[in-house]
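# Pasted the sequence and its predicted model underneath.
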Amino acid sequence: MTQENIYGNISTVQQQMQRIRQESGFSAETFGHGISDRQAIYNKFDIDDERRQNDTKGFIGSRCIVSAMLVLLALMLAAVFSFTSVKYSEMSATIQRLDMEVSLMRENGSSQMRKVESDILQLKTEGSSQMRKVESDILQLKSEGFEVSLDVKKLERNISQLKDADVQIWTDVQNLEKAFSSLRSQVCDIRSCPCDWKEFRGKCYYFSKGERDWQKAKEFCYNQDAVLAMVKTQQELNYIGSQVSTAHHLGLSDQESESNWKWLDESSVAGSFWNPGEPNNAGEEDCGEITAGKLNDIPCSIKQRWICEKTL
């Protein structure tokens, strides 16, 4: 049974009790006009007597109804009390459970709060330590930076001094070159052969650094008041062979008469001066060279170093 049903039954009982009270009360009636007062009095007494009898019967019936209603009310109150007690027990249990949960949450919250506070304190401690380390590093860097700045200034001074010294050295080198050039001119004036020429047994020899074909090399020597070298003796062949490590043009050819090899002065060539199997005239080889200390025939168009000679 729900609380709404109980309250509805109580309201019904109250209404019935109110109706009983109204029925048991006295109410005057209006008599019709034309009846005498005596008759009216008699009639009133008769009516009152009859009403008292009816009231007695109605009162007894009303008491039974009231008793039944009270019993029903008591049962309903007992049911309400029982229902309320059960609900109270359930609510009490729920409240206790909620209290326990709240307490547990408070305890857990306190534990978490203590942990958070501990973590915050640890972070503050670590942060302070890191900050002190950073400050120390900054001071060290500033100190090192100051030292580096001093070193840089010192290096700049050294560089400036080196530049001054380099200028002085360059000036000295130029002066030495001038002095060497003057001295060389004097030596060349004293020597029998020009500078850059080598003397051997009454002849001056020029060993080129560049490369030309046979005809261009011949023209170069003529412009130097010399000729392409002509080897007439074994001593000259040995000397020239000792001065070169690669092939060089010589004043030797058979351009005027095939296979008739002659020096530029029309003199003949000693057969022992040739490499074995040479000259072989392979591939229009009409000009002569010295290679590995012996003579060899080659095409005149080949570009290579050459040797000039002039007589003292």
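In hand now; what should we look at? Computed from a prediction, not measured in an experiment: that's the story for all the values here.
# just checking, Gln15 is part of a helix?
Yes. Assessed with DSSP: H, G, I helix; E, B strand; the rest coil, Gln15 lies in a helix.
# mind checking how far it is from Ala165?
Distance of Gln15 to Ala165, given as CB to CB, to the nearest Å: 132 Å. No exception for glycine: its C-beta is placed from N, CA and C like everyone else's.
# quick one: contacts for the spatially most central residue of the chain?
The chain has Val134 as the residue nearest its centroid, 24.0 Å off, counting by CA atoms, centre = their mean. Going by CB atoms under 8 Å, 6 or more residues apart in numbering, Val134 touches no other residue.
# and it, which of the three is it?
Here Val134 is recorded as helix under three-state DSSP.
# Which positions in the helix or strand harbouring Gly241 come out as buried?
For Gly241, the element it lies in under DSSP states H and E is helix 234-243. By 16 or more other CB atoms under 10 Å, the buried positions in helix 234-243 come out as Glu236, Leu237, Tyr239, Ile240, Gly241.
# In PDB, list the C-alpha atoms belonging to it.
Taking C-alpha atoms only, helix 234-243 is exported to PDB below (Å, rounded to 0.1, in the frame of the first residue of the first chain):
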ATOM      1  CA  GLN A 234     129.300   9.800 -78.600                       C
ATOM      2  CA  GLN A 235     130.100  12.200 -75.700                       C
ATOM      3  CA  GLU A 236     127.500  14.700 -76.900                       C
ATOM      4  CA  LEU A 237     125.000  11.900 -77.200                       C
ATOM      5  CA  ASN A 238     125.700  10.700 -73.700                       C
ATOM      6  CA  TYR A 239     125.600  14.200 -72.300                       C
ATOM      7  CA  ILE A 240     122.200  15.100 -73.900                       C
ATOM      8  CA  GLY A 241     120.800  11.700 -72.900                       C
ATOM      9  CA  SER A 242     121.700  12.400 -69.300                       C
ATOM     10  CA  GLN A 243     119.900  15.800 -69.300                       C
END
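# circling back to that earlier point, ok, now how distant is the residue nearest to the centre of the chain from Ser143?
Val134 is 15 Å from Ser143, where distance means CB to CB.
# which residues touch Glu199?
Residues counted as contacts of Glu199 (CB under 8 Å, 6+ apart) are Arg191, Ser192, Cys193, Tyr205, Leu312.
# Filter these down to the buried ones.
Cys193, Tyr205.
# what about Ile302, neighbour count?
Neighbour count of Ile302, defined by other CB atoms under 10 Å: 15.
# part of a strand, is it?
No. Assignment of Ile302 by three-state DSSP gives coil, placing it outside any strand.
# close enough to count as contact, it and Asp213?
Yes. Counting by CB atoms under 8 Å, Ile302 does reach Asp213; the two are 6.5 Å apart.
# which stretches of the stretch 101-250 of the chain form strands?
For the stretch 101-250 of the chain, applying DSSP state E, counting those that start in this stretch gives strands covering 198-200, 203-207, 227-228, 248-253.
# of those strands, which approaches Leu104 most closely?
Of all these, it is strand 203-207 that lies closest to Leu104, at 110.0 Å by CB to CB.
# Could you pull up the mean pLDDT of that closest one?
Averaging the model's pLDDT scores along strand 203-207 yields 97.
# so what strands line up beside that strand?
Next to strand 203-207 in the sheet, as set by DSSP bridges, lie strand 198-200 (antiparallel), strand 305-311 (antiparallel).
# Among these, show me which one is buried the most.
For the strands paired with strand 203-207, the largest average neighbour count (mean count of other CB atoms under 10 Å) is found in strand 305-311, namely a mean of 20.
# Compute the inter-axis angle for that strand and strand 248-253.
Angle between the axes of strand 305-311 and strand 248-253 is 60 degrees (criterion: axes from the mean of the first three to the mean of the last three CA atoms, to 10 degrees).
# ok, which stretches of the stretch 1-150 of the chain are helices?
For the stretch 1-150 of the chain, applying DSSP state H, counting those that start in this stretch gives helices covering 3-24, 37-190.
# Fine by me, we can end here.
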